[in-house]
Every structure is written in C-alpha cells, then in structure tokens.
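1. Turn this into a model:
(one chain, ligands or ions: 2)
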Amino acid sequence: MYLLIPAAGSGRRMGSDRNKLLLPVLGQPILAWTLLAARESRLIRWVGLIGQPVDFPDFKEIVMALGMTKMVHLIQGGTTRQESVYRGLQGLPAVAGRVLIHDGARCLATPALLDRCAEAIQHCPGLVAAIPVKDTIKVVKPGTHQITQTPDRSNLWAAQTPQAFVVETLLRCHEQGREQGWQVTDDAALFEQCGYPVKVIEGEETNLKITTPLDLAIAELVLRQRQS
Ligand code: CTP
Ligand code: MG
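-> Ligands and ions are numbered 1, 2, ... in the order given. Predicted coordinates:
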C-alpha cells in the first residue's frame, strides 16, 4: 500500500515558530511517531512524505534515525493542505492504484488502524476513518450567534485520517476542485463533491490531530500510557 503523509504545514495554531511536526513529544518529534506507525504497519510499503523544503534536512534526519530511508520519499508541498496532497498524488509511482492519506499531525494513529484502512480500501472507492461525535453539534448562522439547527447526533461522525481512495479518481476530483476553486479541509470532501461514495470506518478515539499545546500534552499522556 502507498501512503502519503501531508507534513507541509506551519503549525500556526500551535503558536510555534516552526513546523509543529518537529516539536518533541516524549523525546521524539511528532512526525517520528507518525512515521513509526507507518513503519510498523504490515501493508504499507511506500511513503510519500510531503513537506516544505526548509524542513527537509530535519525530515531526512528523522527518516534516517527510524531506518526508513528506502521506504520514504520526500515530496514538496504547497501553501494549503489541499495543494500539498495534490502534489503528493502527482509524486506517486504510476503503478499506485490506491492510496492512504494520513496527516503527519495525527501521530497517535496505530499501525492496526492504518492496516484496517489499507484492507478496506480494496473493496470501495473511498473511505475515511471517523468516530461518532460525543458532543451535541449546533449549526449557527454565519456572522451571528444564532443557532439554526441541531442535527441528529446519531448521524454525525468526526472525520479523521487515514482516508483512502482510488488514486485515479481522487486525482480527477482534485483537478475538478482546482478548476472550480473548491476549498476543502480533507480529501473526502472533494470526492463527495464530485458525487463519488465515501464510507466511514471506525477510527480511534486516541487518534487526535495535534493542533494546540493542549493536544501535545494529551498526546504525551497517551504515549506514556502505551509504554507502561
Ligand atoms: N499540511 C500540509 N500542507 C499545508 C498545510 C498543512 O501538508 N500547506 C499538513 C500539516 O502538516 C498537517 C496536516 O496537513 O500534518 C493537517 O493540517 P493542520 O493540522 O492544520 O496543520 P498546520 O496547517 O501545520 O497547522 P495550522 O493550521 O494551525 O497552521
Ligand atoms: Mg492548517
């Protein structure tokens, strides 16, 4: 299985002065934990690590320390996640039929989750790891604080990564998205917008996206618990 890891962000919400993925959690950069899950997966054989050139020296060091130099290929990212994934798709070997996409910032996803997604994508065109939401979600009218709707929570899932797709179809969705100027925060949204089916598969409650300093503290807790 081919895996793309978007890692070309800047970590603005972390308030850090460099790519948040280089910040340490339990003695290792966030990105190292994400790569470790890929290394421990049974099915992933090829990793496209999408980053900004300024981070490549650090990325190479992490990849080397994990003994993954043969497996990991650096790809230059863009100014948005959407653009970064588009470039990643173009960097895939021509033989890649299906692809997993997993954010570098979700460093707690387990190898087992990556493998479940890799297996499930053999039987459908698109999927997203997701978990049922625990909060009651309100829809608010833009520019006001007025609630317009309370959707039935039993139909609501919080999307995570990995997400997985048929490469050729996802590439076409990205191209259509660029033509139409769609701006999305995950790949499934492009797939859906183009009318292709995407299914959810059970994600992991611990599979949080490291976004703010609080997430860093929680990640450290989870990793510490796994080690003991
Ligand atoms: N990402 C990317 N290319 C970008 C922006 C984001 O590859 N131009 C990646 C990030 O590195 C991250 C994932 O997409 O692994 C999810 O993005 P997010 O959590 O928003 O990370 P950042 O964009 O770095 O953070 P922020 O939005 O707070 O600046
Ligand atoms: Mg971002």
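
2. Mind checking the pLDDT average for the strand ranked longest in the chain?
-> Ranked by number of residues, the top strand in the chain under DSSP state E is strand 157-166. Averaged across strand 157-166, pLDDT comes to 98.

3. Going by neighbour count, list what's buried in that strand.
-> Neighbour counts over strand 157-166 (16 or more other Cβ atoms under 10 Å) mark Ala159, Gln160, Thr161, Pro162, Gln163, Ala164, Phe165, Val166 as buried. No exception for glycine: its C-beta is placed from N, CA and C like everyone else's.

4. Wait, the last one touches Leu100, no?
-> No. The pair Val166 and Leu100 does not pass the contact test of Cβ atoms under 8 Å, sitting 11.8 Å apart.

5. So for the two, which residues contact both of them?
-> Both Val166 and Leu100 are contacted by Ile121, under the criterion Cβ atoms under 8 Å, 6 or more residues apart in numbering.

6. State the three-state secondary structure for the closest residue to ligand 1 within the chain.
-> Residue of the chain nearest ligand 1, by Cβ to the nearest ligand atom: Gly9 (2.1 Å). Of the three states, Gly9 takes coil under DSSP: H, G, I helix; E, B strand; the rest coil.

7. before we move on, what about Gln183?
-> Gln183 is classified as coil under three-state DSSP.

8. got a pLDDT number for it?
-> You'll see Gln183 listed with a pLDDT of 96.

9. For stretch 22-35, give the mean pLDDT please.
-> Stretch 22-35 shows a mean pLDDT of 97 in the predicted model.

10. Return the residues in contact with the residue nearest the centre of the chain.
-> For the chain, the residue nearest the mean C-alpha position is Asp103 (2.4 Å; Cα atoms, centre = their mean). By Cβ under 8 Å, 6+ apart, Asp103 lies in contact with Ile5, Pro6, Ala7, Thr34, Thr161, Lys209.

11. ok, now how distant is it from Leu49?
-> Using Cβ to Cβ, to the nearest Å, Asp103 is found at 12 Å from Leu49.

12. Need the residues touching each of those two.
-> By Cβ under 8 Å, 6+ apart, the residues touching both Asp103 and Leu49 are Ile5, Ala7.

13. Helix or strand: which one has Gly48?
-> According to DSSP states H and E, Gly48 maps onto strand 46-51.

14. how about that strand, does it get close to ligand 1?
-> Yes. Interface with ligand 1: strand 46-51 contributes Ile50 (Cβ under 6 Å from any ligand atom).

15. quick one: whatever helix or strand comes next after that strand to strand 46-51, angle?
-> Using DSSP H and E, the helix or strand that directly follows strand 46-51 along the chain is helix 56-65. Here the directions of helix 56-65 and strand 46-51 differ by 150 degrees (axes from the mean of the first three to the mean of the last three Cα atoms, to 10 degrees).

16. how about helix 56-65 as CSV, C-alpha atoms only?
-> The C-alpha coordinates for helix 56-65 follow below in CSV (Å, rounded to 0.1, in the frame of the first residue of the first chain):
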residue,chain,number,x,y,z
PHE,A,56,13.7,18.6,4.5
PRO,A,57,17.0,18.4,6.5
ASP,A,58,15.1,17.7,9.7
PHE,A,59,12.8,15.2,7.9
LYS,A,60,15.8,13.3,6.5
GLU,A,61,17.3,13.0,9.9
ILE,A,62,14.1,11.6,11.4
VAL,A,63,13.7,9.2,8.5
MET,A,64,17.3,8.0,8.8
ALA,A,65,17.0,7.6,12.6
